[in-house]
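Curious how this folds, go ahead:
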Amino acid sequence: MSWWKHDSAVVDDGAQIGSGTKVWHFSHVMPGAVIGEGCSLGQNVFVANQVTIGNGVKIQNNVSIYEGVILEDYVFCGPSMVFTNVRTPRSEFPRNTSADYAVTRVKRGASIGANATVVCGVTLHEGAFVAAGAVVTKDVPAYAMVAGVPARQIGWMSASGDLLDFTGGDTVIDRLQHMYQKISDTEIRRIV
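The predicted structure follows:
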């Protein structure tokens, strides 16, 4: 099985796209981009050079993935969410080379809600969840839920999307029988 693109999408020569990936209307993939298998790029998605996208990633409409962004497997990017890639942009003194771009890493299974903004140079750890409209300015721990401007932690969420309530103890089991252990107020681990 090969990848597919809508007739209105542009995929530049040299872009690497995995089997089963779909590129929808008016999207543009630059020549140095690497996209994994089974991904979905919605309408009007831009993928810049030097971007790496893992397998099973879903990118909803109107999202730009700029150089410096790394999306691991099964990341979800909600509609119109924003990544930045320069910490101090200026029009008169452009900072638009690879050396100017801060790395933003979104680890396996993390989700970013609609219209959220992720400021460059942060890491969203495995299974992190960013609420719609949040502005992320610092790293988000694994399985943490964050919301607001700037984003603050409001709880924990399992990889499958269940809320994790540790008020009854240090371990919680989600509906898929995966066990999570609270290590501290800022760290939990999936142990089974």
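
For stretch 118-125, C-alpha coordinates in CSV please.
The C-alpha coordinates for stretch 118-125 follow below in CSV (Å, rounded to 0.1, in the frame of the first residue of the first chain):
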residue,chain,number,x,y,z
VAL,A,118,3.0,25.3,21.6
VAL,A,119,5.9,27.8,22.1
CYS,A,120,9.2,26.4,20.6
GLY,A,121,11.8,24.7,22.7
VAL,A,122,9.5,22.5,24.9
THR,A,123,8.9,18.8,25.1
LEU,A,124,5.4,17.3,25.5
HIS,A,125,6.2,14.0,27.1
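
quick one: contacts for Arg152?
Going by Cβ atoms under 8 Å, 6 or more residues apart in numbering, Arg152 touches Val146. Backbone N, C-alpha and C define where each C-beta goes, glycine included.

how about it, phi and psi?
phi -130, psi 150 (degrees, to the nearest 10).

That one and Ser80, how far apart?
Going from Arg152 to Ser80 by Cβ to Cβ, to the nearest Å gives 22 Å.

Val23 now?
Counting by Cβ to Cβ, the gap from Val23 to Ser80 is 18 Å.

Please say which of these two ends up with more neighbours.
Val23 (27 against 15; other Cβ atoms under 10 Å).
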